[in-house]
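Asks: Sequence first, then the predicted structure:
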Amino acid sequence: MLDATIPGFCWEGFLPARCTQLADSHCLIELIPDPDRPPRCQHCRQPCQQIHDTTVRRVRDRDLFEYKVWLDVPVRRLRCPRCAVAREQLDWLAPHSRITHRFQQHIEVLLTLLPIKHVAHLSGLHWHTLKALDKARLARSVPEPDLDQVRFLVMDEFALFKGHRYATVVMDAERTQVLWVGEGRSREAIRPFFEWMGKHCRQIQAVAMDMNTAMDLEVKEHCPQAKVVYDLFHVVAKFGREVIDRVRVDQANQLRHDKPARKAVKRSRWLLLRNRSNLKQDQEAQLEALLEVNKPLMLVYIMKDQLKGLWYAKSERAARWRFTHWMRQAQASKLEPLIRFARLLKPYAEGVIASASYRLNTSVLEGVNNKIKVIKRMAYGYRDSDYFFLKIKAAFPGNPR
């Protein structure tokens, strides 16, 4: 007979009767009802002496030293005078569960630190069991957002799987709390977020995003009073891809007869795209030498800096003047990639100008996207999108204001 007073061998309402060592470092502890503690009905929580039937359930408890501990628990059904036939209330074991609360709490701590595959190897539990436990833990722990306090939103997309499959994430810009994650980036995919927001859409003042037409149109439909603010990083990155790279390649093609000059132009991509403050001294000298001998590259480089200046205007009036001036310079440049980019940027003018009043950007979501990549890499990918999205929300619960 084991001593029930030994720490770690306390199961309310039961006493350990016999311990048997099983193969492969497993031990089985058989429990018997404690005669001094009458069973309680799980509905009314009142003591009840009449037993309807008893079923022995084998459950897992926390490991003891090198042993994996199993319990044979006689779970009783009672004839309660108030609730008819009802199960016995066990505070340390959930109904129909095969693991104790103590072991479940231990597993949940491990799941916050390690991938499911590693926890399965340590605990001996099945992958699907651990996933269900972790999903339930996340559902309990993820805080519900206070939509009454949400005034500014940031929207962006991230790669969900390979093959151009994306998901959209929406964050409260003031509290850095992920409010919603949904699969897809079309209008139909984004619309459930605004339907979930409901009447709270009326209090949204501004939304930061990249130049995604689907996001833009949905914001204008559901939040007509909100200003759309286009993110500086995405616009400048698009300028780098569509203008600087195109002009650089065209200039390299024109220098086929001068191989050293052509090589210098072809290898100048990062010199032209980086901020001047991030260049080393030798790189800055190399950039100056390149711009002095190549006027088209100098022009697009200057236009890139002026494009960034649109987001730092002191007022919307100043931003509008800068935007108009920039568009005129682009039209007069006679560089087809620059003219084409200016023509594409013109419909987004109001979103660029609005940045003078609302200093919003998606840089915080770029950090979120990096964290999402880490979460996805730790798990070697997710098949259950709902589980993945809960992981993202739990990683960014928000900061109180």
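Replies: Noted; the coordinates are in hand.

Asks: which parts of the lowest-mean-pLDDT helix or strand in the chain are buried?
Replies: When each helix and strand of the chain is scored by mean pLDDT, DSSP states H and E, helix 363-378 comes last, with a mean of 80. Buried residues in helix 363-378, counted by 16 or more other Cβ atoms under 10 Å: 364-365, 368-369, 372, 376. Using the backbone N, CA and C atoms, a C-beta is placed for each residue, glycine as well.

Asks: do the same with stretch 386-398
Replies: The neighbour-count criterion (16+ other Cβ under 10 Å) identifies 387-394, 396, 398 as the buried residues of stretch 386-398.

Asks: quick one: the helices in the stretch 51-200 of the chain?
Replies: Secondary structure of the stretch 51-200 of the chain by DSSP state H, counting those that start in this stretch: the helices cover 101-111, 116-123, 127-141, 187-197.

Asks: what pairs with the lengthiest strand in the chain, and is each one parallel or antiparallel?
Replies: Criterion DSSP state E: the longest strand present in the chain is strand 68-80. Each strand paired with strand 68-80, and its direction, by DSSP bridges: strand 26-33 (parallel), strand 51-60 (antiparallel), strand 84-87 (antiparallel).

Asks: now the angle between helix 101-111 and it, please.
Replies: Per axes from the mean of the first three to the mean of the last three Cα atoms, to 10 degrees, the angle that strand 68-80 makes with helix 101-111 is 130 degrees.

Asks: Extract the C-alpha trace of strand 68-80 and format it as CSV.
Replies: Extracted in CSV, the C-alpha atoms of strand 68-80 (Å, rounded to 0.1, in the frame of the first residue of the first chain):
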residue,chain,number,x,y,z
LYS,A,68,5.9,7.7,-17.2
VAL,A,69,3.0,7.5,-14.7
TRP,A,70,-0.3,6.0,-15.6
LEU,A,71,-3.4,5.8,-13.4
ASP,A,72,-6.3,3.4,-13.2
VAL,A,73,-9.1,5.6,-11.9
PRO,A,74,-12.5,4.1,-10.9
VAL,A,75,-14.8,6.8,-12.3
ARG,A,76,-18.3,6.5,-10.8
ARG,A,77,-21.7,7.6,-12.0
LEU,A,78,-24.0,8.6,-9.1
ARG,A,79,-27.7,8.5,-8.5
CYS,A,80,-28.1,12.1,-7.5
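
Asks: if we can go back for a sec, and the least confident helix or strand of the chain, how far out from the chain middle?
Replies: Put simply, helix 363-378 sits 7 Å off its chain's centre (Cα atoms, centre = their mean, to the nearest Å).

Asks: now stretch 166-177
Replies: Here stretch 166-177 is found 8 Å from its chain centre; the criterion is Cα atoms, centre = their mean.

Asks: average model confidence for that stretch?
Replies: In this model, stretch 166-177 has an average pLDDT of 91.

Asks: gap between the two ends of that stretch?
Replies: When the termini of stretch 166-177 are compared using Cα to Cα, to the nearest Å, they are 20 Å apart.

Asks: Would you mind getting the angle between the longest strand of the chain and helix 116-123?
Replies: Strand 68-80 runs at 90 degrees relative to helix 116-123, counting by the same axes, to 10 degrees.

Asks: Having no further points to raise, I will conclude here.
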